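Peer 1: Below are the sequence and a predicted model; questions follow.
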Amino acid sequence: MNYILSVPLQKTPITEEKTENGQVQRTGGFMTIQQIEYVLAVAESRSINSASKTLYISQSRLSGAIRDLEQEIGVTIFERTNRGIRATPEGEEFLGYARQVKDQFLLMEDRYLRTEKR
């Protein structure tokens, strides 16, 4: 069973409120493991079309999911051109963190979901 691709995309508006002590608290909006998988697949293939085939989803769904993520985090991850797609400088930074999150998720998955209970 592939847990990485089974997380549904959900959209929750991000709101900011000041707490009594003056700190800003953000609520709503979140990033999913699925979105991270999508972004990394696009980065690896440098093509939304190719990544959508690898992920077994439609090109429009993949493109929309990435666009939604970019709006949620306020960063343009990919620059789209007539020659394909490439990561922006901010996108490269995001991809570095995304790879770390994926690696950590896989370690947790191996430890707690794929091993026999002791």
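Peer 2: Sure, I can see it. Note that the coordinates shown come from a computational prediction; the quantities given were computed from them, not determined experimentally.
Peer 1: Buried ones in stretch 38-54, by neighbour count?
Peer 2: 38, 39, 40, 41, 42, 43, 45, 48, 50, 51, 52 (16 or more other Cβ atoms under 10 Å). C-beta here means a position set from N, CA and C on the backbone, and glycine is covered the same way.
Peer 1: and the first one, how far is that from residue 87?
Peer 2: The one in question is residue 38. In this view, residue 38 and residue 87 are 14 Å apart by Cβ to Cβ, to the nearest Å.
Peer 1: One more: the fourth one?
Peer 2: Noted for residue 41: a distance of 13 Å to residue 87, by Cβ to Cβ.
Peer 1: Toward the C-terminus, what is the element adjacent to the helix or strand of the chain with the lowest mean pLDDT?
Peer 2: Ranking every helix and strand in the chain by mean pLDDT, DSSP states H and E puts strand 24-27 at the bottom, with a mean of 59. Next helix or strand after strand 24-27 toward the C-terminus (DSSP states H and E): helix 33-45.
Peer 1: packing partners for that following helix?
Peer 2: helix 48-55, helix 59-73, helix 89-112 (3 or more Cβ pairs under 8 Å, 6 or more residues apart in numbering; DSSP states H and E).
Peer 1: right, so of those, which gets closest to residue 30?
Peer 2: Nearest to residue 30, of all the helices and strands packed on helix 33-45, is helix 59-73, at 7.9 Å by Cβ to Cβ.
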